[in-house]
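S.K.: model the following, please.
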Amino acid sequence: MYKSEITLNINGEERSVYIRHADTLLYVLREQLGLTGAKPGCLNGDCGACTIEVDGEAMKSCLMLAIEAVGKKITTVEGLQNVPIKTAFIKKFAFQCGYCTPGFIMNSHSLIKKYPNADDAQIKDCLESNICRCTGYKEIEDAVKSVLSNESIE
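M.R.: I've put the predicted structure just below:
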């Protein structure tokens, strides 16, 4: 099997891996780099469990080939340190089983950075790209709104 060595910038660190050209970024993150925060769900871009940031934009890692990520800045949930949305998810009980939570956190974090004054329609639109099968979206929406309003979540 033919493999190529590539270098990826993940969570601020350069990481070299050998990949098949057909390997998705999700596969490489989980299976080769041990970054298991991005979850395999539908594997076709519908559920959002695998959401990461690529150059600051939320992206479903199951839809991107690893080779396409060369030269881009990748952030996974493991790379988010001291961000308010993580605390807000805990304080607002915005998860149940937790499988979808990293994807929602990444998508919400991206929304908050891009639209610090996001309105209800923008929040709902953002959250529609992820699926949770355990809970309603109210608590997740509340977590996002608490960060946007600078509500004390300490």
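
S.K.: next SSE downstream of the lengthiest helix in the chain?
M.R.: The residue-count maximum for a helix in the chain (DSSP state H) belongs to helix 101-114. Going down the chain from helix 101-114, the next helix or strand is helix 120-127, by DSSP states H and E.

S.K.: so what touches that next one?
M.R.: Contact partners of helix 120-127, identified using C-beta atoms under 8 Å, 6 or more residues apart in numbering, comprise 104, 107-108, 110-111, 115, 118, 137, 140-141, 144-145, 148. Bear in mind the C-beta positions are built from the backbone N, C-alpha and C, glycine included.

S.K.: if we use 6 Å, what do you get?
M.R.: Helix 120-127 has contacts (C-beta atoms under 6 Å, 6 or more residues apart in numbering) with 107, 111, 115, 137, 141, 144.

S.K.: single out whichever of these has the smallest pLDDT.
M.R.: The lowest pLDDT within those belongs to Y137, with 88.

S.K.: and the gap between that one and K73?
M.R.: As judged by C-beta to C-beta, to the nearest Å, Y137 and K73 stand 29 Å apart.

S.K.: what's the answer for I105, then?
M.R.: Distance of I105 to K73, computed by C-beta to C-beta: 18 Å.

S.K.: have a look at these two and say which one is more surrounded.
M.R.: More neighbours surround I105 than the other of I105 and K73, with 25 against 15 (other C-beta atoms under 10 Å).

S.K.: which residues touch that one?
M.R.: Contact analysis of I105 by C-beta under 6 Å, 6+ apart lists 77, 85.

S.K.: so for F104, what's the nearest residue that isn't a sequence neighbour?
M.R.: N130 (5.1 Å; C-beta to C-beta, 6 or more residues apart in numbering).

S.K.: ditto for P84
M.R.: V147 (4.6 Å).

S.K.: and the residue nearest to F104, how many neighbours?
M.R.: Neighbours of N130 (other C-beta under 10 Å): 25.
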